[in-house]
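Visitor: Structure for this input, please:
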Amino acid sequence: MAIELSNKEWKLAFGDGKQIRLIGIPARNQERLWREVARAKVKLGMKAEAPVYSCYEAGRDGFWIHRMLEAGGVKNLVVDPASIEVNRRMRRAKTDRLDAQKLLTMLLRYWRYGEKTLWSVVRVPTEEDEDRRRHHRSEERMKKERRQHVVRMKSLLVLHGIRTACLPKEWTGVKDWQGHPLPAQVVRELQQEQERLELVSRQIKELTVMRQARMKAVKQEEAAPAAERWAVKLSRVRGVGEDTAWKLGHEFFGWRQFRNRREVGSAAGLTGSPYSSGDSHREQGISKAGNARVRHVMTELAWRWLQFQPESALAKWYNDRFGKGTSRMRRVGIVALARRVLIALWRYGAQDVIPEGALVKA
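Guide: Purely as a prediction, here's the structure:
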């Protein structure tokens, strides 16, 4: 069974390798879904106890559908949409019906014919791990909103010839370019923006205090979640702050297992994408097929690594290879350093291998 999701209707494609049955049901109607699964077994000539394999594309609906199917005895896969094969013609037909059929065909190839490298299967976190990620993601969104409010207030002041680095707390005494008070509607809008800014700043502070309290409590708890233990351990490395350690622990290291360094780099999307065909050889840059938040965090951490860990082997490798190059080459090299630092942090957290030459707290 392949499920093509949409906001109003789900397309279900059933098949046994010989026949295909397409059905549309209202979105999120669980009773109708199970009824159609039972009916498909009858139509395809299968026994009622026949196992069911399903898949759907990862997206806005998240993982609740996966958990619902698994609870009903279905072996389900959540598939990365970017890894699904598509027709390379300039104009190709695309409908929910065709997408469901395509998913069903690939699902048969995956389970029945053993093509395990056919697509990328998403690792599904537990409900507890997924809930813990809301803390830093909410904080990121609030910080972005805070910047928006500050930029909006400064833009309103620039419209009247005022340029300032620090925003005043009272707007009634602010004068425009000719020494006149600001218009009443502008003052009203500035006050509204300031109220929103104060609210979001207070909420960010509350989340920061909660994170700091948890970091202190984890050091005394033996049964603390793995993500929080990772965060505390990574924060001991010089240059890795609490915020960075918290994000890496909850977003990357704390809820999944890596077997080797290649899996670490691939999961973050920091591996290269070479193009080699005939006499044509070039690099297309990193794949970006992993966690975007981890890539952004590691890129920032790589610059800090050069500042706070100058005697480490990784910093010396970067300076020898890219330090004397152009600014563009240094920016390219910092991505390579980000991947190496990420692997070094994984080895430190999982295997207690301290990065060579790096400073770590006792």
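Visitor: buried sites along the helix or strand harbouring S266?
Guide: Taking DSSP states H and E as the criterion, S266 maps to helix 261-267. By neighbour count on 16 or more other CB atoms under 10 Å, the buried set for helix 261-267 is V264, G265, S266, A267. Where C-beta positions appear, they are placed from N, C-alpha and C, glycine not excepted.
Visitor: do stretch 349-362 as well
Guide: Residues G349, P355, A358 are the ones in stretch 349-362 that count as buried (16+ other CB under 10 Å).
Visitor: Enumerate every residue touching the last one.
Guide: Spelled out, it's A358. With CB atoms under 8 Å, 6 or more residues apart in numbering as the criterion, the residues that contact A358 are V237, R238, Q309, S312, L314, A344.
Visitor: So which elements touch the lengthiest helix in the chain?
Guide: Longest helix in the chain, counting residues (DSSP state H): helix 184-218. With contacts defined as 3 or more CB pairs under 8 Å, 6 or more residues apart in numbering; DSSP states H and E, helix 184-218 has these neighbours: helix 134-158, helix 226-234, helix 242-248.
Visitor: Make CSV from those and add mean pLDDT to it.
Guide: What follows is the helices and strands packed on helix 184-218, written out as CSV (pLDDT from 0 to 100):
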stretch, mean pLDDT
helix 134-158, 96
helix 226-234, 94
helix 242-248, 96
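Visitor: could you pull out the strands for this protein?
Guide: In the chain, strands defined by DSSP state E lie at 2-4, 9-15, 20-26, 53-57, 75-79, 272-277, 280-286, listed in chain order.
Visitor: Please identify the most buried of those strands.
Guide: The highest mean neighbour count among the strands of the chain belongs to strand 2-4 (a mean of 24), with neighbours defined as mean count of other CB atoms under 10 Å.
Visitor: Within its sheet, name the partner strands of that strand and how each one runs.
Guide: strand 9-15 (antiparallel), strand 53-57 (parallel) (DSSP bridges).
Visitor: Show residues contacting the last one.
Guide: Contacts of strand 53-57 from elsewhere in the structure, counted by CB under 8 Å, 6+ apart, are 1-5, 65-66, 69, 74-81, 84, 103, 106-107, 110-111.
Visitor: At the geometric centre of the chain, which residue do we find?
Guide: N291 (4.1 Å; CA atoms, centre = their mean).
Visitor: Would you check that that residue makes contact with V264?
Guide: No: counting by CB atoms under 8 Å, V264 is not a contact partner of N291; they are 11.1 Å apart.
Visitor: So for the closest residue to P81 other than its chain neighbours, what's the pLDDT?
Guide: Computed as CB to CB, 6 or more residues apart in numbering, the closest residue to P81 that is not its neighbour in sequence is E57, at 4.5 Å. Here the pLDDT value assigned to E57 is 96.
Visitor: Could you do N291 as well?
Guide: 91.
Visitor: What residues does the residue nearest to the residue nearest to the centre of the chain when sequence neighbours are not counted make contact with?
Guide: The spatially closest residue to N291, leaving aside those adjacent along the chain, is A268, at 5.8 Å (CB to CB, 6+ apart). When contacts are counted by CB under 8 Å, 6+ apart, A268 is found next to F252, G290, N291, V294, R295, M298, R339, L342.
Visitor: now do M1
Guide: With CB under 8 Å, 6+ apart, M1 has these contacts: L12, A13, F14, V37, A40, V52, Y53, S54, C55, V74, L104.
Visitor: Repeat that for A267.
Guide: Listed by CB under 8 Å, 6+ apart, the contact partners of A267 are F252, R256, F258, G290, N291, V294.
Visitor: Next one: the nearest residue to the fourth one once chain neighbours are set aside, what pLDDT does it get?
Guide: Just to be clear, that refers to G290. What sits nearest to G290 in space, not counting adjacent residues and going by CB to CB, 6+ apart, is G269, at 3.2 Å. Looking at G269, its pLDDT reads 93.
Visitor: if I read this right, G269 contacts A289, doesn't it?
Guide: Yes: assessed by CB under 8 Å, G269 is found in contact with A289 at 4.9 Å.
Visitor: quick revisit: check the burial of the residue nearest to G290 by counting its neighbours.
Guide: Taking other CB atoms under 10 Å as the neighbour definition, G269 ends up with a count of 17.
Visitor: Distance of it relative to K18?
Guide: Per CB to CB, to the nearest Å, G269 is found 39 Å from K18.
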